[in-house]
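**Student:** here is a sequence together with a model predicted from it:
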Amino acid sequence: MKVETDKSYGSKIIQFKNETERNLSDVSVDKFKSMHADTDRVKEIIASMKSFGKEKYHKSELLTEMFALQQEIVGLTFNNDHAAMAELRIWDVENYLDQLNQDCGNVADEELKKFKDGSYQLCNRIKAEISGKRGEEKAFHSLQFIRSKNRILKNVELVDGNLRTELDAIVITPKVITIIEVKNTGKNVFIDENGDYFRNGEYIKWDCNIAEKMMDKERLVRKALRKEHMDGIQIRNVVVFTNKKVEIQNKCSSIRACFVSQLPCIIDGVKNEVTYSDEEIDKIESLISAAENKESYPFDLDVEQYKHDFASVMAILEEASTKKQDAECEQTATVNGEDDFNILSCANKGIVSNNEGLLGGVVAVAAVAIVSALAIGVIKKAI
């Protein structure tokens, strides 16, 4: 008689387990479709993010700030507890929030899309800054092998009215001033007769008119030298490619294109009847340095909107995760008188609070697994 009671109890557990597994995945879909971000929680998340606290930034500051913003987003998403958090990036956050949103019935689709759009822009900016810096480092290293006496100016910013330009490097030797533009591209490049610069990949993409760009740089250098009537000095423009695996076709006669390993030879090989003295070289360097204008500008990504989009996703998914666990607890509680199940199912209630981030959802999943394991254990015991 006792065995029959235990078997009846085991059947009841099996029925409960099947119903629970069938219903848990649908809990959030019906209950949370119309959820909106809690305004106070959104403000709280935004207030905790300290990156990009200034209105304007110099170009040299941007990469550090973008990394700081990325790390803040990673930390808030994973509650600063993830063992490999230092290695996580924006795309890891996107993948995690995608999965959590699906688990909660796609309650944050619109907000998540906005966050992803902003993340795409941010990641592209980070990638471009890193690529540019790596290319410049290679080019600067090659300049060490110039045999002529020289002065090297790096990342020079010159301004004339609304025209602002950065010169990656200016090399001053007794024979010539060389203006260097560094390109660290993985695509084949074609420069036509007019100086239009195209990148060839799956599609041919126009980048800029590199001839006009280099002429603007040269004009601003000559303007700086005009104060001492030295603007008649010979100036050459060189576009340097740091990736030797790409193919370069240059049809523009006003521009010299080369790979980074060729750069020292090109600078040393310039022929000129006039030779500038050390004093003149020093004067040229001084005039260009004096004309330099380093200014800060607003970052061209709307960081405040990006932070708001992220905070909105977080707030919605935190609330949805909490409500989903509450619903699971209620579902579990439908089996009355079985203390083991009531204790286990309610132990996780409230694990994800507004201040604890989103990792508690993982614990909730583990709790469901424990319930299933306990059910199987009871069945075996009854049998």
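**Tutor:** Good, I have the coordinates.

**Student:** contacting residues for the residue most central in space within the chain?
**Tutor:** Nearest to the mean C-alpha position of the chain, counting by Cα atoms, centre = their mean, stands residue 123 at 2.7 Å. Counting by Cβ atoms under 8 Å, 6 or more residues apart in numbering, residue 123 makes contact with 90-91. No exception for glycine: its C-beta is placed from N, CA and C like everyone else's.

**Student:** pull out the buried residues from the helix or strand hosting it.
**Tutor:** Per DSSP states H and E, residue 123 falls inside helix 109-142. By neighbour count on 16 or more other Cβ atoms under 10 Å, the buried set for helix 109-142 is 111-112, 114-116, 118-119, 122-123, 125-126, 129, 131-132, 135-136, 138-140, 142.

**Student:** and the next helix or strand after it, which strands flank it?
**Tutor:** Next along the chain after helix 109-142, taking DSSP H and E as the criterion, comes strand 151-160. Using DSSP bridges, the strands paired with strand 151-160 are strand 163-172 (antiparallel).

**Student:** what's the angle from the partner strand to helix 109-142?
**Tutor:** Calculated by axes from the mean of the first three to the mean of the last three Cα atoms, to 10 degrees, strand 163-172 forms an angle of 30 degrees with helix 109-142.

**Student:** what does strand 163-172 rub up against?
**Tutor:** With contact meaning Cβ under 8 Å, 6+ apart, strand 163-172 is reached by 59, 136, 139-140, 143, 146, 150-159, 177-182, 213, 216-217, 220-221, 267, 281, 284-285, 288, 293, 295.

**Student:** now do the helix holding residue 123, average pLDDT.
**Tutor:** For helix 109-142, mean pLDDT rounds to 96.

**Student:** show me how far that helix is from its chain's centre.
**Tutor:** From the chain centre to the centre of helix 109-142 is a distance of 5 Å (Cα atoms, centre = their mean, to the nearest Å).

**Student:** can you give me the strands in the stretch 151-300 of the chain?
**Tutor:** Under the criterion DSSP state E, counting those that start in this stretch, the stretch 151-300 of the chain contains strands at 151-160, 163-172, 177-183, 188-191, 196-200, 204-209, 235-241, 248-250, 256-259.

**Student:** make JSON lines out of those and add mean neighbour count.
**Tutor:** Formatted as JSON lines, the strands of the stretch 151-300 of the chain follow (neighbours: other Cβ atoms under 10 Å):
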{"stretch": "strand 151-160", "mean neighbour count": "17"}
{"stretch": "strand 163-172", "mean neighbour count": "18"}
{"stretch": "strand 177-183", "mean neighbour count": "23"}
{"stretch": "strand 188-191", "mean neighbour count": "18"}
{"stretch": "strand 196-200", "mean neighbour count": "18"}
{"stretch": "strand 204-209", "mean neighbour count": "12"}
{"stretch": "strand 235-241", "mean neighbour count": "22"}
{"stretch": "strand 248-250", "mean neighbour count": "16"}
{"stretch": "strand 256-259", "mean neighbour count": "17"}
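
**Student:** how much space between the residue nearest to the centre of the chain and residue 200?
**Tutor:** Residue 123 is 24 Å from residue 200, where distance means Cβ to Cβ, to the nearest Å.

**Student:** now residue 224
**Tutor:** Distance from residue 224 to residue 200, by Cβ to Cβ: 36 Å.

**Student:** ok, now residue 232?
**Tutor:** Counting by Cβ to Cβ, the gap from residue 232 to residue 200 is 38 Å.

**Student:** what does residue 299 give?
**Tutor:** In terms of Cβ to Cβ, residue 299 sits 31 Å off from residue 200.

**Student:** ok, now residue 164?
**Tutor:** Using Cβ to Cβ, we find residue 164 at a distance of 29 Å from residue 200.

**Student:** how about residue 155?
**Tutor:** Residue 155 is 28 Å from residue 200, where distance means Cβ to Cβ.

**Student:** what count of nearby residues applies to the nearest residue to residue 280 once chain neighbours are set aside?
**Tutor:** Leaving out its chain neighbours, the residue that sits closest to residue 280 by Cβ to Cβ, 6 or more residues apart in numbering is residue 230, at 7.5 Å. Other residues within reach of residue 230, judged by other Cβ atoms under 10 Å, total 16.
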